[in-house]
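Engineer: Fold the following and give me the result.
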Amino acid sequence: MNLTTTYLGFELAHPVVPSASPLTEHIDTIRQLEDAGAPAIVLHSLFEEQIIHESLELHHYSEYGTESFAEALSYLPELDDYKLSTETYLELIRQAKDAIGVPIIASLNGSTPGGWTQYARQMEEAGSDGLELNIYYVAADHAISGGEVERMYLDVLTAVRETVSIPIAVKLSPFISSLANFAKELEAGGANGLVLFNRFYQPDVDLETLEVVPNLQLSRSDEMRLPLRWISILCGNVACDLAASTGVHTAQDALKYLMVGADVTMTTSALLQKGPGHIRTLVDGITTWMEENEYESVEQLKGSMSREKVSDPAQFERANYMKVLQSLREYP
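Structural biologist: Numbers count the residues shown, from 1 in each chain. Sure thing, here's the model as predicted:
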């Protein structure tokens with residue numbers, strides 16, 4: 001059984017890739033993921049806001065009181081001597097490259113064009129094999145149009161593409177009005193891969209404390225339907241590699257994504273719940289199903305049920321909506 005696939009120019013042993021998560025924050029758990037069979041590893045995201053906050057806070061405390069006691073400056077090392085998030089992250093890349101034999105893909109969540117390019121360059125210099133641009137922007141300003149938001153994504157990609165030579169994947173939001181067209185623009189802008197979708201964590205309201213609180217919920221298999229649709233639509237219409245990143249808990253989930261056109265299936269929640277060894281379970285399940293259904297390779301499987309290949313492409317579009325509504329009438 002040939003399970004190999006390609007992603008961002010790398011030939012991978014199989015299509016189950018651990019995506020950015022706390023499991024990829026430390027070299028020990030990264031080793032565990034490789035031991036479990038991970039064919040590539042996406043590191044946790046480096047957030048520009050966190051770096052800026054730490055730098056400003058450090059600057060505040062290093063200067064605190066020096067207007068009265070100038071000699072206090074000599075008690076503290078220079079700011080460059082502190083090991084902030086950026087250096088910790090770059091050191092993790094270096095350690096992973098020394099210890100791990102599979103591609104290491106850094107993940108960058110920036111907020112300003114200057115920040116994106118600066119940290120992207122440093123990640124490449126540290127040895128990262130690829131870069132995932134984890135663009136997370138909430139358009140809360142009523143004066144900003146959808147077109148402006150898309151332009152921001154493209155500007156970030158263009159700036160980073162001009163800065164680094166390693167492959168770039170863009171982790172997309174599902175909240176793009178014309179995703180198929182936008183995917184083509186990202187392809188033209190230099191994206192080598194698209195990751196569908198960025199699963200944003202939404203706030204909640206605590207009725208006891210009357211406060212807005214973060215709400216962390218791990219994914220479920222039924223959340224894969226939205227990326228499943230869009231991967232099937234994009235398959236064969238963009239040159240970028242396609243990664244599915246939502247709801248991969250079982251071998252069946254991964255197989256569905258591959259059949260609609262994904263090149264790799266990325267998983268986080270299942271590994272957090274079941275441990276790195278779950279990679280083997282997923283791969284074994286994929287292998288068993290393919291043997292039982294007489295598939296010889298993942299390449300043969302990929303895209304076989306994309307919108308372009310199925311007998312009724314409308315199933316992936318609006319026409320299916322009427323059938324769903326009709327089925328609701330059958331409930332008592």
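
Engineer: can you give me the strands for the stretch 51-200 of the chain?
Structural biologist: Under the criterion DSSP state E, counting those that start in this stretch, strands of the stretch 51-200 of the chain are mapped to 104-109, 130-134, 168-172, 193-196.

Engineer: What strands line up against the last one, and which way round?
Structural biologist: By that I understand strand 193-196. strand 168-172 (parallel), strand 241-244 (parallel) (DSSP bridges).

Engineer: got the CA coordinates for that strand in CSV?
Structural biologist: In CSV, the C-alpha atoms belonging to strand 193-196 read as follows (Å, rounded to 0.1, in the frame of the first residue of the first chain):
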residue,chain,number,x,y,z
GLY,A,193,-0.6,25.6,0.1
LEU,A,194,-3.9,26.5,1.6
VAL,A,195,-5.1,25.2,5.0
LEU,A,196,-8.9,25.0,5.5
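
Engineer: Look up how far Glu150 lies from the nearest residue to Leu154 once chain neighbours are set aside.
Structural biologist: Closest residue in space to Leu154, ignoring its immediate chain neighbours: Gly189 at 5.3 Å, by Cβ to Cβ, 6 or more residues apart in numbering. Just so you know, the C-beta spots here come from the backbone N, C-alpha and C atoms, and that holds for glycine as well. According to Cβ to Cβ, to the nearest Å, Gly189 stands 11 Å off from Glu150.

Engineer: And the pLDDT for Asn198?
Structural biologist: Asn198 is assigned 86 on the pLDDT scale.

Engineer: got it, and Ser111?
Structural biologist: pLDDT, read off for Ser111, is 60.

Engineer: Same question for Tyr89.
Structural biologist: If you check Tyr89, the pLDDT there is 93.

Engineer: thinking it is in contact with Phe47, fair?
Structural biologist: No - using Cβ atoms under 8 Å, Tyr89 is not in contact with Phe47, being 9.8 Å away.

Engineer: ok, these two, which is more surrounded?
Structural biologist: Taking neighbours as other Cβ atoms under 10 Å, Tyr89 and Phe47 compare with Tyr89 leading, 24 against 20.

Engineer: Identify the residues contacting the nearest residue in space to Ser245 that is not next to it in sequence.
Structural biologist: Leaving out its chain neighbours, the residue that sits closest to Ser245 by Cβ to Cβ, 6+ apart is Met266, at 4.1 Å. Counting by Cβ atoms under 8 Å, 6 or more residues apart in numbering, Met266 touches Val17, Pro18, Ser19, Val42, Val195, Ala243, Ala244, Ser245, Val248.

Engineer: how deep is the fifth one tucked in, by neighbour count?
Structural biologist: It refers to Val195. Counted with other Cβ under 10 Å, Val195 comes out at 27.

Engineer: Which helix or strand in this protein has the lowest average pLDDT?
Structural biologist: Of all the helices and strands that make up the chain, helix 48-63 has the lowest average by mean pLDDT, DSSP states H and E, namely a mean of 49.

Engineer: Low-confidence ranges, the stretch 101-250 of the chain, go.
Structural biologist: Applying pLDDT under 70 to the stretch 101-250 of the chain flags the ranges 111-114.
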